[in-house]
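1. generate coordinates for the sequence data below:
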Amino acid sequence: MASLIVMGAGLIGLRHIETIKAHPNCKLAGVIEPDKSRHTDADISYFTSIDDVDVEVDGAIIATPTFLHKDNGIDAAKRGWHMLIEKPVTATPEDAITLSEAVDAAGLHCLVGHHRRQHPAIHKLRDIVQNGTIGTVVTSSLIWAMRKPDDYFQDNWRSTDGSPVMINLIHDIDLMRFVLGEIDDIQAIAGNSLRDGGRVESGAILMRMASGLTATISFADTTPSPWGFEAGTNENPHIAESFQDMWWITGTKGAVSFPSLTLWTGASHWGEAPVPTKIDVPSVTPLLQQITHFLAVMAGDEQPLITISDAAASLAATHKIEQLLAAQIR
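-> Coordinates of the predicted model:
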């Protein structure tokens with residue numbers, strides 16, 4: 001049974017802790033958390049730094065703030081620990097290169113925590129897009145819109161650096177790369193800043209993919225709506241479910257919407273009505289599925305679904321979007 005340690009006891013770290021506890025093929029070795037006020041579970045071995053860890057560890061889940069990922073990953077590599085690193089993989093694409101070199105030099109395996117790639121529905125969507133079911137893909141339209149509570153931004157780093165682009169949209173950007181292919185060009189327009197925090201809060205993004213298709217994202221963290229990956233899939237316990245579609249992809253032979261996986265086919269022109277077909281796929285708990293995959297990656301039985309270099313490409317695209325939007329905020 002693999003022994004896993006979690007670095008960071010914040011919101012996502014706590015979810016990883018509970019996921020490890022629930023998994024039959026691994027155990028929690030402990031939690032590395034410098035803030036002793038978060039040492040709240042008497043059944044967990046807490047350590048204030050990686051240097052204090054004196055128990056057997058096979059792999060680490062790095063769920064610390066993004067700016068610490070590179071150094072935390074290098075420290076874990078020095079200890080000989082395989083690692084699952086939360087997204088964004090590092091603060092910058094350059095940091096990702098440094099981290100990748102350290103992991104490779106140590107002969108270790110690394111999986112990046114873009115857990116949405118674990119959804120069977122995403123893999124089915126990718127098959128539909130890439131196997132010609134809807135013909136040549138022409139457009140992709142995605143919405144992420146929800147109202148974050150005001151206290152989400154109070155008395156923490158999000159008060160000045162809480163843009164939903166790096167926090168939330170990096171997931172959607174990664175999925176668009178996974179499903180649609182690489183990004184060739186990016187344009188973006190920022191919306192109004194309603195909370196007076198000087199942050200990017202809403203906007204529109206236009207991308208041309210390498211295949212020639214065009215893709216758009218409309219986003220806002222100031223608008224209560226049913227449209228967003230978390231609400232549509234009911235994957236996040238902190239976000240109310242809606243089970244509404246939030247991603248629409250069109251091709252020369254049909255279209256598909258996600259997450260319902262409604263396939264629209266049978267029409268050759270606007271005088272014919274396309275026929276909807278609902279495609280069913282098994283559901284999984286993505287964080288639990290991710291741990292299962294991580295254990296296989298650690299053992300060398302599976303290749304990482306997303307590597308450091310792959311995640312760095314999603315990070316680079318998201319960074320560019322953030323820069324384009326931030327330059328427009330007054």
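2. residue ranges for the strands of this structure, please.
-> 2-7, 26-32, 46-47, 59-62, 82-86, 110-113, 137-145, 183-190, 202-209, 214-220, 247-251, 254-258, 262-265, 275-278 (DSSP state E).
3. redo those as CSV? Include mean pLDDT, distance to residue 231 and mean neighbour count.
-> Yep, even glycine has a C-beta here, placed from its N, CA and C like the rest. Output for those, formatted as CSV (pLDDT from 0 to 100; distance: least, Cβ to Cβ, whole Å; neighbours: other Cβ atoms under 10 Å):
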stretch, mean pLDDT, distance to residue 231, mean neighbour count
strand 2-7, 98, 27, 24
strand 26-32, 98, 30, 22
strand 46-47, 98, 34, 18
strand 59-62, 98, 26, 27
strand 82-86, 98, 21, 26
strand 110-113, 98, 20, 28
strand 137-145, 98, 9, 20
strand 183-190, 97, 23, 16
strand 202-209, 98, 17, 19
strand 214-220, 98, 13, 19
strand 247-251, 98, 12, 21
strand 254-258, 98, 13, 22
strand 262-265, 98, 17, 18
strand 275-278, 98, 19, 12
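4. looking at these, which is closest to residue 288?
-> With Cβ to Cβ as the criterion, residue 288 lies closest to strand 26-32 of the strands of the chain, at 10.8 Å.
5. ok, longest helix in this protein?
-> helix 308-326 (DSSP state H).
6. re the thing from before, any chance of the strands of the chain in CSV with distance to residue 308 as columns?
-> Below are the strands of the chain laid out as CSV (distance: least, Cβ to Cβ, whole Å):
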stretch, distance to residue 308
strand 2-7, 16
strand 26-32, 21
strand 46-47, 25
strand 59-62, 12
strand 82-86, 8
strand 110-113, 6
strand 137-145, 25
strand 183-190, 18
strand 202-209, 22
strand 214-220, 24
strand 247-251, 26
strand 254-258, 27
strand 262-265, 34
strand 275-278, 37
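7. sorry, back to before: distance from the chain centre to the longest helix of the chain, please.
-> 12 Å (Cα atoms, centre = their mean, to the nearest Å).
8. which strands and helices sit next to that helix?
-> Packed against helix 308-326, as judged by 3 or more Cβ pairs under 8 Å, 6 or more residues apart in numbering; DSSP states H and E, are the following elements: helix 93-105, strand 110-113, helix 170-180, strand 183-190.
9. verify the stated contact: residue 181 with residue 209.
-> Yes: the criterion here is Cβ atoms under 8 Å, and residue 181 meets it with residue 209 at 5.2 Å.
10. let me see the domain layout of the chain.
-> With domains defined by automatic domain parsing, the chain comprises 2-108, 117-283+315-326.
11. quick one: which of the strands of the chain is nearest residue 302?
-> Here strand 110-113 is closest among those (Cβ to Cβ), at 9.3 Å.
12. quick one: contacts of that closest one?
-> 61, 63, 73, 82-87, 89, 100, 103, 290, 293-294, 297, 304-308, 310-311 (Cβ atoms under 8 Å, 6 or more residues apart in numbering).
13. now do the contacts for the residue lying closest to residue 312 once chain neighbours are set aside.
-> Computed as Cβ to Cβ, 6 or more residues apart in numbering, the closest residue to residue 312 that is not its neighbour in sequence is residue 96, at 3.7 Å. Taking Cβ under 8 Å, 6+ apart, we find residue 96 in contact with 70, 89-90, 308-309, 311-312, 315.
14. pLDDT below threshold where in the stretch 201-330 of the chain?
-> Scanning the stretch 201-330 of the chain with the threshold set as pLDDT under 70 gives 330.
15. ok, 90 please
-> Within the stretch 201-330 of the chain, the ranges that satisfy pLDDT under 90 run 235-238, 283-284, 329-330.
16. on that earlier part again, which one of the helices and strands packed on helix 308-326 lies nearest to residue 243?
-> Per Cβ to Cβ, nearest to residue 243 of the helices and strands packed on helix 308-326: helix 170-180, 17.8 Å.
17. what is the closest one packed up against?
-> Using 3+ Cβ pairs under 8 Å, 6+ apart: helix 170-180 touches helix 120-130, strand 137-145, strand 183-190, strand 202-209, strand 214-220, helix 229-233, helix 308-326.
18. let's see 10 Å
-> helix 120-130, strand 137-145, strand 183-190, strand 202-209, strand 214-220, helix 229-233, strand 247-251, helix 308-326 (3 or more Cβ pairs under 10 Å, 6 or more residues apart in numbering; DSSP states H and E).
19. quick one: buried residues of it?
-> By 16 or more other Cβ atoms under 10 Å, the buried positions in helix 170-180 come out as 170-180.
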